[in-house]
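**Q** Sequence plus predicted model, see below.
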Amino acid sequence: MDVAGAAERGTTERVLTLLGLLQQRQVWTGPDLADRLGVTPRTVRRDVDRLRTLGYRVHASQGVGGGYQLGPGQDLPPLLLDDEEAIVTAVSLLIGAVGAGDAALRALSKLDRVLPTRLRHEVRALSGSVESFDGARTPVDSDVLMTLARACRDEVEIGFDYPTGNVARSRRVEPYRLVASDRRWYLFAFDLDRDDWRTFRVDRMTEAAARTWHFRARVTPDAAAYVQEGVASRVYSRQARFLVHAPADVVRAQIPASAAVVRPRDSEHCEVLSGADNLDAVLLRVVLFGHDFQVLDPPELAARCHELAQRLLSAGTAGPADC
């Protein structure tokens, strides 16, 4: 490579580095950028002009607090993403944001900030279709997740196969929200065949496809709360309710969101709703909170408390000769 070619490559790499720096911070002073790039402030000004020529809106201001700032709505996206690529990228970042935390959230925010208005609206619409009450873990097919998210955004019916017992049955729903729990992704939707709200695990869906029929949005329950209550109680054969003598925030910190719904009663009491196939497990969980409590439902669980209490008292008073 000749000297001119090497110089051009060096300029290109430096301009790309400058673009990355402008995306990392709201405002940069000229001397700060020059120091980071190892060039003079005059070279920084020339590189900023190159970015403007390429379609990036770089604002410059004078005085205290002034400097260079990358504006939103570029004519030329940094990654040259088309609509489909922007949606796929946003879905991937949303998955990472729920499971991986700040790094993915920063990347999603950066993507939203520098894309043109048309693509930014696509990403924001997709983000509005996702809710969470904890962090997701179980991997899901990104194509299925993207299909569901777009159907939520566009308000179109969606069909998929879903197992009922040992048989996969076709379902036809109006999708409203994707909700992430501590382990899985769920679709909150209105089941047209059952004429009621339902929760579906995304990892159990197959053959998911959007239909052409648009629906009129219904008045909906709180999606995250509905799915959380379903995960914590409705999917189990037995449910229990307790009045716990502790603030709701304290109890929420003691139990995963997928294991129980905690509702405040007042500043010093809360109601805990949980489910299990064996209510002894739920009872033990509430005992281990370390707070006073009363059983609200079912009535037979209160009798079970007395039975277990007598057994524990007997265990505590048994001497060596009784063993």
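**A** All right, it came through fine.

**Q** which stretches of the stretch 201-323 of the chain have low pLDDT?
**A** For the stretch 201-323 of the chain, the stretches with pLDDT under 70 are 233-235, 237, 316-323.

**Q** Tell me where it has helices.
**A** Counting by DSSP state H, counting those that start in this stretch, the stretch 201-323 of the chain forms helices over residues 223-229, 248-252, 279-287, 299-317, given from the N-terminal end onward.

**Q** Out of the ones you listed, which gets nearest to residue 242?
**A** Each of the helices of the stretch 201-323 of the chain was scored for nearness to residue 242 using Cβ to Cβ, and the closest is helix 279-287 (5.3 Å). Yep, even glycine has a C-beta here, placed from its N, CA and C like the rest.

**Q** Give me the contacts around that closest one.
**A** Contacts made with helix 279-287 from outside it, assessed by Cβ atoms under 8 Å, 6 or more residues apart in numbering, are listed as 238, 240, 242, 244, 255, 259-260, 272, 274-276, 293, 298, 301, 304-305, 308.

**Q** one more time with 7 Å
**A** Contacts of helix 279-287 from elsewhere in the structure, counted by Cβ atoms under 7 Å, 6 or more residues apart in numbering, are 238, 240, 242, 244, 255, 272, 274, 276, 293, 301, 304-305.

**Q** which residues in the stretch 101-250 of the chain form strands?
**A** According to DSSP state E, counting those that start in this stretch, the stretch 101-250 of the chain carries its strands in the segments 130-132, 156-164, 167-180, 185-191, 196-201, 206-214, 238-244.

**Q** Any chance of a markdown table for the ones you listed, columns distance to residue 44 and mean neighbour count?
**A** Formatted as a markdown table, the strands of the stretch 101-250 of the chain follow (distance: least, Cβ to Cβ, whole Å; neighbours: other Cβ atoms under 10 Å):
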| stretch | distance to residue 44 | mean neighbour count |
| --- | --- | --- |
| strand 130-132 | 39 | 19 |
| strand 156-164 | 49 | 17 |
| strand 167-180 | 42 | 20 |
| strand 185-191 | 45 | 24 |
| strand 196-201 | 52 | 17 |
| strand 206-214 | 48 | 12 |
| strand 238-244 | 60 | 19 |
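
**Q** from memory residue 163 sits against residue 204, does it?
**A** Yes: between residue 163 and residue 204 there is a contact at 5.9 Å, judged by Cβ atoms under 7 Å.

**Q** just to revisit the earlier point, please identify the deepest-packed of the helices of the stretch 201-323 of the chain.
**A** Each of the helices of the stretch 201-323 of the chain was assessed for mean neighbour count using mean count of other Cβ atoms under 10 Å. The highest is helix 223-229, with a mean of 22.

**Q** That one: how far from the chain's middle?
**A** Helix 223-229 sits 13 Å away from the centroid of its parent chain (Cα atoms, centre = their mean, to the nearest Å).

**Q** If you count contacts, what does it end up packed against?
**A** Packed against helix 223-229 by the contact rule (3 or more Cβ pairs under 7 Å, 6 or more residues apart in numbering; DSSP states H and E) you find strand 130-132, strand 167-180, strand 185-191.
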